[in-house]
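In: Just to be clear, the model below is a prediction. Sequence and coordinates:
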Amino acid sequence: MHVIRSERLPLVVLEPPDYALLQTYYLENKDHLAPWEPARDEAYYAAASMRDLVAQRHRHYEQQTALHLCAIDDGRMVAECNFTNIVRGPLQACNLGFSVAKAREGRGIMTALVNPSDRPSR
């Protein structure tokens, strides 16, 4: 698991064996995220589906076409931040999507995760 340390929470790029973190997050926040997510049947939340999704996201990370980061607190996923459709060249661009667990809303988690000033100096 690739980990990016920040002052607030570690951000991780999940690997297929870590699929349960994503599965639990989606199941616990299904109703909360429903207004912003496409309609999903129960098969989407199955272990095999989540393992495949994490594997696909990891391939995109390796190909540098997307970056799916999960914020982890006390061994649980509490937010995700997805940089997709990454374009390289004279124009550097991507799409940003994110979600925060219902129980963690309003605590500034996402602001801290996307704010470059929160990154440790190199």
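Out: It's in. Residues are numbered from 1 along each chain as shown.
In: how about the helices in this structure?
Out: Per DSSP state H, the chain carries helices over the ranges 19-28, 30-33, 47-62, 109-114.
In: hey, least reliable of those by pLDDT?
Out: Lowest mean pLDDT within these: helix 109-114, at a mean of 78.
In: Go ahead and flag the most central residue of this structure.
Out: Nearest to the geometric centre of the chain sits residue 80, at 2.9 Å (Cα atoms, centre = their mean).
In: before we move on, back to that, tabulate the helices of the chain (TSV), appending distance to residue 39 and mean neighbour count.
Out: Every residue, glycine included, has its C-beta placed from N, CA and C. Listed next are the helices of the chain as TSV, based on distance: least, Cβ to Cβ, whole Å; neighbours: other Cβ atoms under 10 Å:
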stretch	distance to residue 39	mean neighbour count
helix 19-28	14	17
helix 30-33	11	14
helix 47-62	15	16
helix 109-114	24	16
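In: Same list (the ones you listed) but as a markdown table, adding distance to residue 68.
Out: Listed next are the helices of the chain as a markdown table, based on distance: least, Cβ to Cβ, whole Å:
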| stretch | distance to residue 68 |
| --- | --- |
| helix 19-28 | 9 |
| helix 30-33 | 15 |
| helix 47-62 | 4 |
| helix 109-114 | 13 |
